[in-house]
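Engineer: this one's structure only:
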């Protein structure tokens, strides 16, 4: 039964916020989480996207090499981590599937990211906490409240970069909640340029679940986009 779960989502490495690792180190120091759950899009894989990619950004190979440095830093910080399959994180496999490449020809996540077996990927995840079961996924529906109602338990998801909040749902048998986690992207990166046409902007931060109850941890930035060094 987990007392303190740190939830990370949507890093989109190597197009992550430049102070992402500093923030994560500070969060770990303050909260001392007993479990780390990364709910996906740990990599961006911009060059592998099924959408149009920017030719001025790195190639798929260069993007991968750039990402490995940050992945190694993250593994050093969090040697054990549960990760959930996601639309960006799984792009190498989705591309292979679309072009008819058999699974036998592909490396698994641990091999191509050069991380140890302490990092474990799964489709989704259910964790027991002092306040009941919590379901983790990358992103199922736009409304976290609807997801809680559908699954009948507390739920956590990411995927929607501009949404970051907790909602409580009262049921006859229990009080459940939903945690919609923000992201850790660099909104000024060319890989994130598609979002500039939208009214809402990415909300940078992580989530934490303490004794089974959720809390948002925004990475508050100044006008220049730099972290203010405060951990909520």
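Structural biologist: Okay, I see it. Quantities reported herein were computed from a predicted structural model and do not represent experimental measurements.

Engineer: helices or strands next to the host helix or strand of residue 111 in the packing?
Structural biologist: Assigned by DSSP states H and E, residue 111 falls within helix 109-112. Based on contacts counted as 3 or more Cβ pairs under 8 Å, 6 or more residues apart in numbering; DSSP states H and E, the elements that helix 109-112 packs against are strand 119-122. For every residue, glycine as well, the C-beta is placed using N, CA and C.

Engineer: Tell me the helix or strand right after the strand it packs on.
Structural biologist: Using DSSP H and E, the first helix or strand after strand 119-122 is strand 125-129.

Engineer: Next, the buried residues of the helix holding residue 111.
Structural biologist: residue 109 (16 or more other Cβ atoms under 10 Å).

Engineer: which one's the longest helix in this protein?
Structural biologist: helix 60-77 (DSSP state H).

Engineer: roughly how far is that helix from the heart of the chain?
Structural biologist: Relative to its parent chain, helix 60-77 has a centroid offset of 15 Å by Cα atoms, centre = their mean, to the nearest Å.

Engineer: I'd like to know which elements it is packed against.
Structural biologist: On a contact count with 3+ Cβ pairs under 8 Å, 6+ apart, helix 60-77 meets helix 20-31.

Engineer: if we can go back for a sec, could I get the buried residue list for the longest helix of the chain?
Structural biologist: Those would be 60, 63, 64, 67, 68, 70, 71, 74, 75, for helix 60-77 by 16+ other Cβ under 10 Å.

Engineer: Also stretch 80-93?
Structural biologist: Applying 16+ other Cβ under 10 Å to stretch 80-93 flags 81, 82, 83, 84, 85, 86, 88, 89, 90, 91, 92 as buried.

Engineer: what about that stretch, start to end distance?
Structural biologist: 23 Å (Cα to Cα, to the nearest Å).

Engineer: mean confidence for it?
Structural biologist: Regarding stretch 80-93, the rounded mean pLDDT is 92.

Engineer: List the buried residues for stretch 166-179?
Structural biologist: Residues 166, 167, 169, 176, 177, 178, 179 are the ones in stretch 166-179 that count as buried (16+ other Cβ under 10 Å).

Engineer: what residues does it touch?
Structural biologist: 7, 132, 144-145, 147-149, 152-157, 180, 207, 209, 213-216 (Cβ atoms under 8 Å, 6 or more residues apart in numbering).

Engineer: let's go with 7 Å and repeat that
Structural biologist: 7, 132, 144-145, 147-149, 153-156, 207, 214, 216 (Cβ atoms under 7 Å, 6 or more residues apart in numbering).
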